[in-house]
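Colleague: just a sequence and a predicted model for now, questions to come.
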Amino acid sequence: MRIAQTRLSIETAPREIKEITAEIAQWVAHQSIALGLLTVYLPHTSASLLIQENASPDVLRDLEAFLRRLVPEDAALYRHNDEAPDDMPAHIKSALTQVQLTIPVTDGRIQLGVWQGIFLWEHRASPHTRSLVLTLLGE
Amino acid sequence: MRIAQTRLSIETAPREIKEITAEIAQWVAHQSIALGLLTVYLPHTSASLLIQENASPDVLRDLEAFLRRLVPEDAALYRHNDEAPDDMPAHIKSALTQVQLTIPVTDGRIQLGVWQGIFLWEHRASPHTRSLVLTLLGE
Amino acid sequence: MRIAQTRLSIETAPREIKEITAEIAQWVAHQSIALGLLTVYLPHTSASLLIQENASPDVLRDLEAFLRRLVPEDAALYRHNDEAPDDMPAHIKSALTQVQLTIPVTDGRIQLGVWQGIFLWEHRASPHTRSLVLTLLGE
């Protein structure tokens, strides 16, 4: 049984749902761990992680539009208004999704479904540099 | 420290919230791992996993009705309309819940609360065959 | 590779979003595991776990207010009304957030972001005693 860990840095565009499957799969492929669990962790509070369909860009656009309607950028709704009007909605969107994912690894590869990709969802209206911590445990 | 992994196949009815605790507990009971972590992973994008109350069927009905009100099947709201009108709402419902769960194992048993069950939530309006990947790590 | 597990008991106030980072970090610090994964598990169906900003109390107030608007305590909306009017909304709020979190550990410390804290979110309108199961796997 072994454990490996790394940090990745990801550049995001405003409100982008950015696919990060390739970066993650590439690191896993180099760890010589055939069977195990990969945890992807995002140490941020205004972005989140998502496993979703990677075939149609419209699915990502609809997801972003849905969450923007659900969590309006209306300053009257929030007390926390120190930063820009997209700040508190970004925290809520992060809370409604996830900052950590654990995915099985078999034969040295993450076991995503045929249509699944891993995405980093930027909830802020400005570009950011986001960190990711990958931890792989197995044999 | 050992690791065990398997795949289960689950048949769902339309919009069903199906309890899968027994199938999972049974597999865990046969792995001779007393202390560890179980990860349940669903490799699909229009269904999800849920840990919820397993005592009252009304809780499950209310959960399904709530999410159906929150994510209406109204084609005018979505760009992604290649498939049936329940398709894009199913992706959104999956994003608002989870496709992976990690649960502690003690004395060879998953440590669910007294009222907790594990459920597979079918978000499509038609029956499906869904896969589950179970990974158990411990000693 | 080692595994350690414990149970914590947390007292909550009505609808409280209570920070539990210190209790968790303290237990991890005593396990002599430098590199690994920590899973926090909540065996309840009307409370949940949250990783969010720990700097501004307004963020927590806005999160609670948002979820209270999203999931109204209106008995006419739910079939499950055996208990108090806050009961079914508490189940829904728990389903929209999470009861399990897996967080990387490096140099013997959980790798939260600079602004992240771990919170136990009480969704009931009355105080409760909640259990937490912590499992740490690593070397």
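Modeller: Everything's here; your move.

Colleague: for the rest of this, base every contact and every neighbour count on C-alpha atoms.
Modeller: Noted.

Colleague: is A:Ile3 in a helix, a strand, or coil?
Modeller: Assigned by DSSP: H, G, I helix; E, B strand; the rest coil, the conformation of A:Ile3 is strand.

Colleague: show me what A:Ile17 is bridged to.
Modeller: For A:Ile17, the beta-bridge partners are A:Trp121 (DSSP bridges).

Colleague: look up phi and psi at A:Trp27.
Modeller: phi -60, psi -50 (degrees, to the nearest 10).

Colleague: okay, now it: neighbour count?
Modeller: As a burial measure, A:Trp27 scores 14 neighbours (other C-alpha atoms under 10 Å in any protein chain shown).

Colleague: how much space between it and A:Trp121?
Modeller: As judged by C-alpha to C-alpha, to the nearest Å, A:Trp27 and A:Trp121 stand 20 Å apart.

Colleague: A:Leu63 is in contact with B:Ser94, isn't it?
Modeller: No - between A:Leu63 and B:Ser94 there is no contact under C-alpha atoms under 8 Å: 10.6 Å.

Colleague: which one's more surrounded, those two?
Modeller: Between A:Leu63 and B:Ser94, B:Ser94 has the larger neighbour count (other C-alpha under 10 Å), namely 24 against 20.

Colleague: any idea how far the more buried one is from B:Leu134?
Modeller: Counting by C-alpha to C-alpha - B:Ser94 and B:Leu134 are separated by 19 Å.

Colleague: before we move on, what about A:Glu64?
Modeller: Distance from A:Glu64 to B:Leu134, by C-alpha to C-alpha: 30 Å.

Colleague: same check on A:Leu120?
Modeller: Using C-alpha to C-alpha, we find A:Leu120 at a distance of 24 Å from B:Leu134.

Colleague: where along chain A do the helices fall?
Modeller: For chain A, the helices defined by DSSP state H occupy A:21-29, A:57-70, A:87-96.

Colleague: what sits against the residue of chain A found nearest chain C?
Modeller: Closest residue of chain A to chain C, C-alpha to the nearest C-alpha: A:Pro43 (4.1 Å). When contacts are counted by C-alpha atoms under 8 Å, 6 or more residues apart in numbering or on different chains, A:Pro43 touches A:99, A:131-133, C:111-114, C:116.

Colleague: show me where chain A dips below the pLDDT cut-off.
Modeller: In the prediction, chain A carries no residues with pLDDT under 70.

Colleague: let's see that with 90 instead.
Modeller: Within chain A, the ranges that satisfy pLDDT under 90 run A:75, A:80-83.

Colleague: please identify the residues of it in proximity to chain C?
Modeller: With C-alpha under 8 Å from any C-alpha of the partner chain as the criterion, chain A meets chain C at residues A:1-3, A:39, A:41-45, A:78-80, A:88, A:91-92, A:95-97, A:99-102, A:133, A:135, A:137.

Colleague: count the neighbours of the closest residue to A:Thr21 other than its chain neighbours for me.
Modeller: Leaving aside its sequence neighbours, A:Thr21 sits nearest to A:Ile118 (C-alpha to C-alpha, 6 or more residues apart in numbering or on different chains; 5.0 Å). Neighbour count of A:Ile118, defined by other C-alpha under 10 Å: 23.

Colleague: quick one: residues contacting A:Ile118.
Modeller: A:19-21, A:49-52.

Colleague: change it to 6 Å
Modeller: A:Ile118 makes contact with A:19-21, A:50-51, according to C-alpha atoms under 6 Å, 6 or more residues apart in numbering or on different chains.

Colleague: what of A:Gln100?
Modeller: A:40-41.

Colleague: quick one: it and B:Leu70, what's the gap?
Modeller: Taking C-alpha to C-alpha, one finds A:Gln100 at 24 Å from B:Leu70.

Colleague: and A:Arg61, how many neighbours?
Modeller: 15.

Colleague: so which residue is smack in the middle of chain A?
Modeller: A:Leu49 (2.2 Å; C-alpha atoms, centre = their mean).

Colleague: A:Val99 is in contact with that residue, correct?
Modeller: Yes - proximity of A:Leu49 to A:Val99 meets the contact threshold set by C-alpha atoms under 6 Å, at 5.3 Å.

Colleague: just the endpoints, please. Distance across stretch A:39-53?
Modeller: 19 Å.

Colleague: where does that stretch sit relative to the chain's centre, distance-wise?
Modeller: 3 Å (C-alpha atoms, centre = their mean, to the nearest Å).

Colleague: for stretch A:49-56, same thing?
Modeller: Relative to the chain's own centre, stretch A:49-56 is displaced by 10 Å; criterion: C-alpha atoms, centre = their mean.

Colleague: over to stretch A:49-64?
Modeller: Counting by C-alpha atoms, centre = their mean, stretch A:49-64 comes out at 12 Å from the chain centroid.

Colleague: which residue would be the closest one in chain A to chain B?
Modeller: A:Gly113 (4.1 Å).

Colleague: if you skip the residues just before and after it, what's nearest to that residue?
Modeller: B:Pro43 (4.1 Å).

Colleague: against B:Ile10, how distant is the one you found?
Modeller: 12 Å.

Colleague: again, but for A:Ile33
Modeller: 28 Å.

Colleague: what about the two, which has more around it?
Modeller: Set A:Ile33 next to B:Ile10 and count neighbours by other C-alpha under 10 Å: A:Ile33 wins out with 22 against 14.

Colleague: residue contacts, that one?
Modeller: So A:Ile33 contacts A:108, A:138-139 (C-alpha under 6 Å, 6+ apart).

Colleague: and what of A:Val99?
Modeller: By C-alpha under 6 Å, 6+ apart, the contact set of A:Val99 is A:41-42, A:48-49.

Colleague: and the residues you listed, which of them are in strands?
Modeller: Members of those lying in strands (criterion: DSSP state E): A:41, A:48-49.

Colleague: which of these sits closest to C:Pro57?
Modeller: Of all the ones in strands among the contacts of A:Val99, A:Ser48 has the smallest distance to C:Pro57: 20.8 Å, by C-alpha to C-alpha.
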